[in-house]
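A.B. asks: my questions concern the predicted model and sequence given below.
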Amino acid sequence: MVKKDEKVKIGLEIHGYLLTEEKLFCRCKAEHGAKITKPNTNICPICTAQPGAKPMLPNKTAIDKVIQITLILCCKINNKLIWQRKHYDWPDLPKGFQNTLSGTYATPIGLNGKFLDIKIRECHLEEDPAAWNPETGEIDYNRSGLPLVEIVTEPDFETSEQVTEWLKQLLATLNYIKS
């Protein structure tokens, strides 16, 4: 509970899909939501982590879009990007790890930015896991490997209304690059 003279501090970690034709490390179609009619139709040995399957180079369009986003957020762009593996054991991640540019020792694509008076700590690119339904146990790998941008703010927000308004402005701005 917040005391009367204490201010609330809110920071965000935002994940959003980057609209690309292909997934991040393979050439499977990158379709979202209602476009997909059947589960597990846009998959291959790479995005389902079949033994011996090796990822391709990252999707250039996804990299270009995340760089555009980091520039919009006034971040400093890093010249050297190192992919890492975030390991976790969950049914939606067939490899047992997520390819990402985020994490404790990672070098994010963008650092120390600002958007509408809110400081941006970092901006990353990573792949999405599959969709797991814990009630049925079904897993749909269509979204496994879709490119995601992760935006991390500093705890500069003081109200939920401020967060809501800021997110509306962020979405409106990002729509200009059709991210």
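C.D. replies: All right, it came through fine. Note that the structure is predicted; figures quoted are calculated from it, not measured. Numbers count the residues shown, from 1 in each chain.
A.B. asks: select the longest strand from this structure.
C.D. replies: When the chain is parsed with DSSP state E, its longest strand is strand 118-127.
A.B. asks: for it, enumerate the helices and strands it packs against.
C.D. replies: Applying 3 or more Cβ pairs under 8 Å, 6 or more residues apart in numbering; DSSP states H and E, we find strand 118-127 packed against helix 60-72, strand 97-100, strand 110-115, strand 147-153. (Glycine included, C-beta is placed from N, CA and C.)
A.B. asks: could you rerun that using 10 Å?
C.D. replies: strand 13-17, helix 60-72, strand 97-100, strand 110-115, strand 147-153, helix 160-174 (3 or more Cβ pairs under 10 Å, 6 or more residues apart in numbering; DSSP states H and E).
A.B. asks: now render the ones you listed as CSV, adding mean pLDDT, distance to D89 and mean neighbour count.
C.D. replies: Below are those laid out as CSV (pLDDT from 0 to 100; distance: least, Cβ to Cβ, whole Å; neighbours: other Cβ atoms under 10 Å):
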stretch, mean pLDDT, distance to D89, mean neighbour count
strand 13-17, 93, 20, 14
helix 60-72, 93, 26, 19
strand 97-100, 77, 9, 18
strand 110-115, 95, 30, 18
strand 147-153, 95, 20, 22
helix 160-174, 96, 32, 14
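A.B. asks: coming back round to it: note down every partner strand of the very next helix or strand once past the longest strand of the chain and its orientation.
C.D. replies: Downstream of strand 118-127, the next assigned helix or strand under DSSP states H and E is strand 131-132. Paired neighbours of strand 131-132 in the sheet (DSSP bridges): strand 139-140 (antiparallel).
A.B. asks: thinking again about what came up before, run the angle between the longest strand of the chain and helix 160-174 for me.
C.D. replies: Comparing the axes of strand 118-127 and helix 160-174 via axes from the mean of the first three to the mean of the last three Cα atoms, to 10 degrees yields an angle of 60 degrees.
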